[in-house]
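J.: okay, structure incoming, though there's no sequence with it:
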Ligand code: HEM
């Protein structure tokens, strides 16, 4: 996975600004879940407060993964396996990234078109790893 060091720095700064807005995770999940009925069905009955906390950590792990930090790939592979068990169409991962970038644009007051590309490069690499792990692994029995 590759992203220039300056992109990783710009991403960290933008993520810090966006997530200092207390609405950040609420706006993301509302936007993503409202994107389609199929997505809403996947989240029905899930503990959203717990998911918000875990999502916050996973965004940081994605930046560790682009930096090649040991262990980060293992966590993203684990996330792929978590998602294998859910009924997720491959295109939903693209919707997920679009919803996240739109949320960053809303919550980071200094968001720019260049930052849009930076979020897509940094987070998109992690999303691709999760998507690959989720779609390659055979589904485990329930
Ligand atoms: C690739 C981007 C994604 C990331 C970074 C991400 C992140 C996460 C994380 C960190 C968890 C918690 C895992 C754990 O319990 O240890 C999780 C669970 C979950 N994710 Fe995702 N997710 C992604 C894509 C999606 C998509 C596309 C959907 C649905 C359309 C989805 C639906 C869910 C659901 C329903 C759970 C709860 C699973 C359960 O507790 O049974 N995620 N996700």
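T.: Happy to help now that I have it. The structure displayed is predicted, hence computed values, not measured ones.

J.: the ligand contacts on the chain?
T.: For the chain, the contact set with the ligand under CB under 6 Å from any ligand atom comprises 39, 42-43, 46, 51, 54-55, 58, 79, 82-83, 86, 88, 92-93, 96, 127, 130. C-betas here are computed from N, CA, C, even on glycine.

J.: any idea how far the helix or strand harbouring residue 120 is from the chain center?
T.: Here residue 120, judged by DSSP states H and E, is contained in helix 113-136. Relative to its chain's centre, helix 113-136 lies at 7 Å (CA atoms, centre = their mean, to the nearest Å).

J.: may I see the buried residues of it?
T.: By 16 or more other CB atoms under 10 Å, the buried positions in helix 113-136 come out as 115, 118-119, 121-127, 129-131, 133-134.

J.: and for stretch 71-88?
T.: By 16+ other CB under 10 Å, the buried positions in stretch 71-88 come out as 72, 73, 75, 76, 77, 79, 80, 83, 84, 88.
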